[in-house]
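K.L.:
Here you go, sequence then predicted model.
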Amino acid sequence: MFDLIDYWMESSGERKVFKFKLRLSATTDHPSPSAVAIKLEDDRLIPSWVKLEVWKRNQGRCRKCGSNTGLHFDHIIPNSKGGSSKDPANIQILCGRHNLEKRDNIE
């Protein structure tokens, strides 16, 4: 396992990349990689039953423009800001353009 020493963001045109400085950890008090992966999976993935409910509610269309192509399931309140993947009220359908415009903002 590693300890996070520092992090920063570098930009190249419109692309932004986070870089990290890590150090090999001296302790063994870390969760196993599979436990971390399961936790991330539990928090970020939108369950199928939520997707189905949102799809029906939004009639398979972008909530902004009504497009029915290139659709994404989007967190209204992002996971990073405490939003849930398991609450259909926090999930919406957006086309690719509107999802990229929104990013992780709350509207």
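P.N.:
It's in. Keep in mind it's a predicted model, so treat the numbers as computed, not measured.

K.L.:
now the helices for the protein?
P.N.:
Using DSSP state H, the helices of the chain run over 33-44, 48-57, 96-102.

K.L.:
Kindly format the C-alpha coordinates of the last one as PDB.
P.N.:
The one in question is helix 96-102. What follows is helix 96-102 as a C-alpha-only set of coordinates in PDB (Å, rounded to 0.1, in the frame of the first residue of the first chain):
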ATOM      1  CA  GLY A  96     -23.400  13.700 -23.400                       C
ATOM      2  CA  ARG A  97     -23.100  17.400 -24.100                       C
ATOM      3  CA  HIS A  98     -25.200  18.400 -21.100                       C
ATOM      4  CA  ASN A  99     -23.500  15.900 -18.800                       C
ATOM      5  CA  LEU A 100     -20.000  17.300 -19.800                       C
ATOM      6  CA  GLU A 101     -21.300  20.900 -19.300                       C
ATOM      7  CA  LYS A 102     -22.700  20.100 -15.900                       C
END
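
K.L.:
picking that back up, which of the helices of the chain comes out lowest on mean pLDDT?
P.N.:
Per-stretch mean pLDDT for those is lowest at helix 33-44 (a mean of 59).

K.L.:
how far out from the middle of the chain is stretch 4-15?
P.N.:
A distance of 18 Å separates the centroid of the chain from that of stretch 4-15, by C-alpha atoms, centre = their mean, to the nearest Å.

K.L.:
for stretch 80-96, that is, sorry about that
P.N.:
Put simply, stretch 80-96 sits 9 Å off its chain's centre (C-alpha atoms, centre = their mean).

K.L.:
Would you mark the buried spots in it?
P.N.:
Neighbour counts over stretch 80-96 (16 or more other C-beta atoms under 10 Å) mark 83-85, 88, 90-95 as buried. All C-beta spots, glycine's among them, are computed from the backbone N, C-alpha and C.
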